[in-house]
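> predicted model, plus sequence, below.
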Amino acid sequence: MVISLATSFRANSSAPPSSGKSCKYVGQSVRALPIRILWVGKKKSRGAQLVFDEYFEKLKHYCSVDEVQIRSNPKNARDWKVQVEDEDNAVMNLIRSSDWVVLLDERGKDIGSEQMANLLGDAANTGASGLSFCIGGPYGHGQQLRERANLSIKLSSMVLNHQIALLVLVEQLYRSWTILKGQKYHH
């Protein structure tokens, strides 16, 4: 599956910013997969919650969307490797066998907004019943999730804490849908 999607994610670094013209699904009907955002971390700050809620509500106009918070270090492990394994198990228990899983990782594929829109369209064509985006805890993702993921992407070359990653993800999902629908949010 990742191989067939790789052609969608070739970046043209010399191209100027576009208005979604490089998205292959603009103007086409795209099946709206239910989206689940699985994230490991502590409760969002009030400011992050306000921004998150704004884009989360906007996103609901395009698809069914749900967020699930997994408490960081659920078993209070002292060893970071055990912590990652515990978080990994908690996330894996929430992923359905029919989900198309996108791992958000600092070492993932660097994609732009149009490629994110293509990702939504491509995932809808896989036969998956849902799309799960996974944001790891402070030490990243565990091996089980890395092996289960259909694709690994990064939101930035910089490391982002879970609150910032969550905000960037939900805004980019909203932006992707506006690209797919040919709406004016994306310039």
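That came in fine, so what should we check first?
> rest of the way, CA atoms for contacts and neighbours
Fine.
> ok, the residue lying closest to F56 once chain neighbours are set aside - contacts?
Closest residue to F56 apart from its sequence neighbours, by C-alpha to C-alpha, 6 or more residues apart in numbering: V170 at 6.4 Å. The contact partners of V170, taken as C-alpha atoms under 8 Å, 6 or more residues apart in numbering, are 52, 55-56, 59.
> isn't L169 right up against L155?
Yes: counting by C-alpha atoms under 8 Å, L155 is a contact partner of L169 at 7.4 Å.
> how many neighbouring residues does S157 have?
12 (other C-alpha atoms under 10 Å).
> these two touch, right, it and G108?
No: judged on C-alpha under 8 Å, S157 makes no contact with G108 at a distance of 9.3 Å.
> which helix in this structure runs the most residues?
Longest helix in the chain, counting residues (DSSP state H): helix 162-180.
> in that one, what counts as buried?
By 16 or more other C-alpha atoms under 10 Å, the buried positions in helix 162-180 come out as 162-163, 165-180.
> I'd like the average pLDDT over that helix.
Predicted confidence along helix 162-180 averages 94 (mean pLDDT).
> please renumber so the chain begins at 819
In the new numbering, first residue 819, that becomes helix 980-998.
> distance from that helix to the middle of the chain?
On the basis of C-alpha atoms, centre = their mean, to the nearest Å, helix 980-998 sits 8 Å off its chain's mean C-alpha point.
> and for stretch 946-959?
Worked out by C-alpha atoms, centre = their mean, stretch 946-959 lies 7 Å from the chain centre.
> fine, thanks again, bye for now.
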